[in-house]
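Engineer: Sequence and predicted model, in that order:
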Amino acid sequence: MSKFKFPQFVWPSCPSISFNCCSCTKEGEKNSAEPQSKAGDEEAEEEIQPKRYFPHNSVKSETKSLPQSASDECLGIYKALWSFEARAREEITFSENDLFRVTGRSGDWWTAQKLADGLVVASGVVPYNYLVKVESLDAQPWYFGKLNRFESQNHLLTPGNPERAFLVRRSEKDEVGYVLSGTLNSKAVNSIMCTHTVIYMKTGDQVKHFKIHKGEAGCFYVETGQTFPGVEALVKHYQSHSIPSFGPLTQPCVRRKPELQDLCHMTVDEWELPKGDFTLEQQLGSGYFSDVYRGRWKGMVSVAVKILKNNNDAVDHREFQQETQILKRLRHRHLISLFAICTESSPFYIITELMENGNLLTFLRGPEGQAMDLSSLLDIAVQVADGMAYLESENSIHRDLAARNVLVGEDNICKVADFGLARVIKEPFYVSDDKKIPYKWSAPEAISHGRFSSKSDVWSFGILLYEIFTYGGSPYPTYSNYEVFQRITQGYRMPCPSKCPAHIYDIMLECWSHLPEERPDFEELKSLLQPSDRYNEWTPESCAESSEAPGGSSEL
């Protein structure tokens, strides 16, 4: 079988971009170089900034004038996009649009002073992802930072957004730059999927993507002949003027309140907590190794509580502590966050974030999953690949990747869960002596020799793709575990599911290459699963084209 090849993409990190965009003059050219120098200044700031501190007393109310010299120590004035209720003594309770003078930036929690009428009214710790720097592009309600196509689509198709709701995002592909994405009601148009291009629709709504071009003089434009000195001016113009084939922009996309990856700032480092802090409310599931409950921490935060079975026989306490240290440092938007553990007495508790829609397998088999179109299924696959690419970059392996171990939250956000089998690897593979191997999801080398690696996770991802595109179907439904191992070592591969696009099945086959080194890595899988950026008119006929449109409005 010849190896199927897809176009490859590079996913470098994007530099910071100044909000005060340049004008179409030599002065503008000077300003257009500011993002690089600004990014460098911010990096230098990080090196000399004070360490994060936690006041010894509770958050204190103060009414003192901000001294003029304090601006030298200030790391910036920020405003809150959402309200926040303090969970620990040192944290500050605040409301939307409150202003802060940030004095220390470290990790997910920053030290800051809350301001009111130029006075400091409270000092303490705040979650960094609730704040944006004033007079920056991030402070605009329509700017969502770095997002890929699927993530922007997911935001825009959230209930509550009107027709032609929009956002501006920074593409994950550096060469693309800014993209304007918006919804357009298209009930007469059917969902179309092509080899390299996907048109996304859900309940009659279409998400369209327009590249914001940057001219040589630093101007920004969507259509030739209409240039603007900055992104803000461009957006303001198209809120009252039509974009060709789209219309005028209406309202900024509804923002989701960010999730915290800690119960509070104190559990960042101190995450061995007493069981008495947690209340069990409802059993959510039961497995061989554990039972899972919905619970609450100190009556404030909803959590998932995994209670391990047979701790004394199955879990070495020191090994468990080492493993949870690894889990705690793994933080990513598509990985379940570990909040805390309770190991002072048996049974052990593992406390994680709660995902309201349960595991992906049950979700796909339910009414909401059964109603999903192909682009929504592809979105799930990309989210899982994104989380696994992060694990891969951290030299960590999962060993039990399957739909049952992916959890679904609000707006179909998916996160990889159950790292009970994960290990950090220093060599290309990790040799396991664990006999409880999920045969139908495991690579041949994992079954025969207990060799697990990121490439064995890729094999499992191919099985997960099969589960996704069969809406929760069982792999190898007519074979026993032993028969599965025999057949795959003889070269057997499952046939293409009936409603699965051919190019998705080709990706499955790539994942199921017999030799681990011939399988793609997860960064490659992200590129293979996401549609190519296109610059031509958004029509069914354009699926067969590959050239960039020479002018006019262009879409991604």
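Structural biologist: Yep, that arrived.
Engineer: you'd agree residue 437 is up against residue 447?
Structural biologist: Yes. Assessed by Cβ atoms under 8 Å, residue 437 is found in contact with residue 447 at 6.1 Å. C-beta: built from backbone N, CA, C; applies to glycine.
Engineer: Could you report the distance from the residue nearest in space to the middle of the chain to residue 474?
Structural biologist: Nearest to the mean C-alpha position of the chain, by Cα atoms, centre = their mean, lies residue 333 at 3.5 Å. According to Cβ to Cβ, to the nearest Å, residue 333 stands 29 Å off from residue 474.
Engineer: can you give me the helices for the stretch 401-550 of the chain?
Structural biologist: 444-449, 454-469, 481-489, 502-511, 522-529 (DSSP state H, counting those that start in this stretch).
Engineer: Can you name every helix or strand that the second one contacts?
Structural biologist: When you say that, I think you mean helix 454-469. helix 360-365, helix 374-393, strand 396-397, helix 444-449, helix 502-511, helix 522-529 (3 or more Cβ pairs under 8 Å, 6 or more residues apart in numbering; DSSP states H and E).
Engineer: Name the secondary structure element that contains the closest residue in space to residue 82 that isn't next to it in sequence.
Structural biologist: Once flanking residues are discounted, residue 82 sits nearest to residue 257: 4.9 Å by Cβ to Cβ, 6 or more residues apart in numbering. Following DSSP states H and E, one finds residue 257 outside all helices and strands.
Engineer: what does residue 105 give?
Structural biologist: Going by DSSP H and E, residue 105 is in strand 99-106.
Engineer: again with residue 169
Structural biologist: Residue 169 belongs to strand 166-170, assigned by DSSP H and E.
Engineer: how far does that strand sit from the chain's center?
Structural biologist: 16 Å (Cα atoms, centre = their mean, to the nearest Å).
Engineer: What helices and strands are in contact with it?
Structural biologist: Short answer (3+ Cβ pairs under 8 Å, 6+ apart): strand 166-170 packs on strand 143-146, helix 149-156, strand 178-185, helix 231-238.
Engineer: Ranking helices and strands of this structure by mean pLDDT, which lands last?
Structural biologist: In the chain, the helix or strand scored least confidently by mean pLDDT, DSSP states H and E is strand 198-199, which has a mean of 28.
Engineer: OK, contacts around the closest residue to residue 349 other than its chain neighbours?
Structural biologist: Nearest residue to residue 349, sequence neighbours excluded (Cβ to Cβ, 6+ apart): residue 342, at 3.7 Å. By Cβ atoms under 8 Å, 6 or more residues apart in numbering, the contact set of residue 342 is 272-275, 278, 348-349, 351.
Engineer: between the helix or strand just after the strand holding residue 105 and strand 99-106, how many degrees?
Structural biologist: Next helix or strand after strand 99-106 toward the C-terminus (DSSP H and E): strand 109-116. Angle of strand 109-116 versus strand 99-106, following axes from the mean of the first three to the mean of the last three Cα atoms, to 10 degrees, is 170 degrees.
Engineer: mind listing what's buried in strand 109-116?
Structural biologist: Across strand 109-116, burial judged by 16 or more other Cβ atoms under 10 Å covers 109-115.
Engineer: just those now: which is nearest residue 394?
Structural biologist: The nearest member of those to residue 394, counting by Cβ to Cβ, is residue 109 at 21.5 Å.
Engineer: That closest one bridge partners, please.
Structural biologist: Beta-bridge pairing of residue 109, defined through DSSP bridges, involves residue 106, residue 127.
Engineer: Show me the helices in the stretch 201-350 of the chain, by range?
Structural biologist: Going by DSSP H, counting those that start in this stretch, the stretch 201-350 of the chain shows helices at 231-238, 311-314, 317-329.
Engineer: so how far is residue 455 from residue 397?
Structural biologist: 9 Å.
Engineer: ok, residue 221 - contacts?
Structural biologist: 212-213, 215, 227-228, 234.
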